[in-house]
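Asker: Provided below for reference: sequence and predicted model.
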Amino acid sequence: MPEGNGDSVRRLYQQGETVNGAGINASAAVHTDPDGHAWDRALGWSIALGSPYTFATTLRDEYLSDIAGERAILLGAVHGLVEAMYRHFRIAGADPVTAYERSTETITGPIARTISADGLAAVRAACGDQDLFDRAYSAAYGPARVLVAEIYEEVADGTELRSVILAEQRLASRPMTEIGGSPMWAHSAEVHARRGSAPAVLDPLTAGLFVATMTAQVDEFAARGHAWSEIVNESVIEAVDSLLPYMHARDVAYMVDNCSRTARLGTRRWGPRFQAAYEQIALPHVSRPADPDLVASFLANPAHDALAAAAKLRPAVDISV
């Protein structure tokens with residue numbers, strides 16, 4: 001299973017022909033192997049689909065990490081975060097375009113590119129105000145970790161699947177509404193048109209909240225026993241090398257409204273929960289001093305080494321959408 005949407009997977013593979021056929025990483029699982037050739041076939045399919053670097057998983061682990069991940073840092077949390085940050089910057093006096101740039105644009109642009117090229121810690125190093133990044137990280141990590149744990153448990157015990165089944169029954173007579181009706185998305189075209197006229201700004205407040213959420217998912221998956229290769233694929237690589245570049249080209253709301261039915265339902269259920277956590281818990285606490293233990297734990301996180309090892313297996317490729 002390639003760690004990204006189909007359009008991104010194919011484009012990365014095509015662009016990667018100039019760098020030894022590099023494409024986005026994938027996961028493969030073999031549940032039974034009666035003739036002893038299942039792994040050969042799985043790896044063959046992986047290469048054929050455009051993912052020459054493939055990591056082993058199990059069907060259960062892939063299901064849990066994939067469904068939980070798309071409700072958290074891959075889609076749900078991103079949507080909740082950009083909505084929360086747009087409102088935050090507007091209330092603070094920013095004009096709509098600036099608020100959009102400091103919320104959505106900073107995540108899908110410089111933050112995604114920095115993580116893809118140099119890893120999570122590089123985002124902190126690139127921030128002009130590391131103290132603000134650390135305070136935002138400290139304020140958001142706890143609430144985000146609680147939500148990721150709740151999502152994981154509801155996926156594991158079938159609650160999330162039951163929610164999707166019930167929603168499918170309702171959708172037979174009540175079609176799903178679009179998420180892009182929020183006022184911020186009316187400014188997407190104007191923001192896109194401004195690209196290149198000034199350097200993209202890596203906002204430290206938005207960066208701290210985003211990296212805290214991504215790290216919270218990494219740590220929760222690690223605590224649940226997932227392999228590090230799977231963790232960085234499902235929590236980091238899929239986000240920064242596939243989904244966020246697509247969002248950068250189309251915008252977050254477009255991505256949410258045009259992905260799989262299961263992902264759309266999950267984002268609508270959990271995105272508002274993340275938005276509330278940022279608005280009601282994290283942002284009010286950003287004024288407090290950073291937690292030095294949390295920051296030190298982030299800097300020493302094993303995910304940095306795991307991500308660096310995975311990055312060596314796929315040369316950096318800039319996706320065009």
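Answerer: Yep, it's here.
Asker: which helix in the chain runs the most residues?
Answerer: Scanning the chain for the longest helix, with DSSP state H as the assignment, gives helix 130-156.
Asker: and that one, how far out from the chain's middle?
Answerer: Distance, stretch centre to chain centre, for helix 130-156: 13 Å (Cα atoms, centre = their mean, to the nearest Å).
Asker: From the rest of the structure, what touches the helix or strand that that helix is followed by?
Answerer: Heading C-terminal from helix 130-156, the first helix or strand you meet, by DSSP states H and E, is helix 159-171. Helix 159-171 is touched from outside by 67, 71, 151, 153-155, 261-262, 265-266, 269, with contacts defined as Cβ atoms under 8 Å, 6 or more residues apart in numbering. Every residue, glycine included, has its C-beta placed from N, CA and C.
Asker: and the two most separated of these?
Answerer: 153 and 261 (22.5 Å; Cβ to Cβ).
Asker: any weak-confidence spans in the stretch 201-321 of the chain?
Answerer: By pLDDT under 70, the weakly predicted segments of the stretch 201-321 of the chain are 314-321.
Asker: if you set the cut-off to 90 instead, what comes out?
Answerer: Scanning the stretch 201-321 of the chain with the threshold set as pLDDT under 90 gives 201, 229-230, 233-234, 237-238, 241-243, 245-246, 255, 258-261, 309-321.
Asker: What of the stretch 51-200 of the chain?
Answerer: In the stretch 51-200 of the chain, residues with pLDDT under 90: 51-63, 66, 117, 128, 168-169, 171-183, 196-200.
Asker: Okay, strands next: where are they in it?
Answerer: 54-56 (DSSP state E, counting those that start in this stretch).
Asker: Now the longest helix of the chain: buried residues?
Answerer: 130, 132-145, 147-152, 154-155 (16 or more other Cβ atoms under 10 Å).
Asker: For it, which helices and strands make contact with it?
Answerer: helix 59-71, helix 76-91, helix 121-126, helix 159-171, helix 204-223, helix 261-277, helix 283-285, helix 292-299 (3 or more Cβ pairs under 8 Å, 6 or more residues apart in numbering; DSSP states H and E).
Asker: buried stuff in the fifth one?
Answerer: Burial within helix 204-223, assessed by neighbour count using 16+ other Cβ under 10 Å, is assigned to 204-222.
Asker: Name the surrounding residues that touch the very next helix or strand once past it.
Answerer: As assigned by DSSP H and E, the chain's next helix or strand after helix 204-223 is helix 228-232. Contacts to helix 228-232, defined as Cβ under 8 Å, 6+ apart, come from residues 27, 55-57, 61-62, 65, 218, 221-222, 302-303, 306-307, 310.
Asker: What is the subsequent helix or strand relative to helix 228-232?
Answerer: helix 238.
Asker: In terms of secondary structure, what does that next one contact?
Answerer: Contact partners of helix 238 among helices and strands, from 3+ Cβ pairs under 8 Å, 6+ apart: none.
Asker: Which neighbouring elements make contact with the helix or strand that it is followed by?
Answerer: As assigned by DSSP H and E, the chain's next helix or strand after helix 238 is helix 244-250. Packed against helix 244-250 by the contact rule (3+ Cβ pairs under 8 Å, 6+ apart) you find helix 6-15, helix 112-118, helix 252-257.
Asker: helices or strands next to the second one in the packing?
Answerer: Applying 3+ Cβ pairs under 8 Å, 6+ apart, we find helix 112-118 packed against helix 121-126, helix 244-250.
Asker: Right, I'll leave it there.
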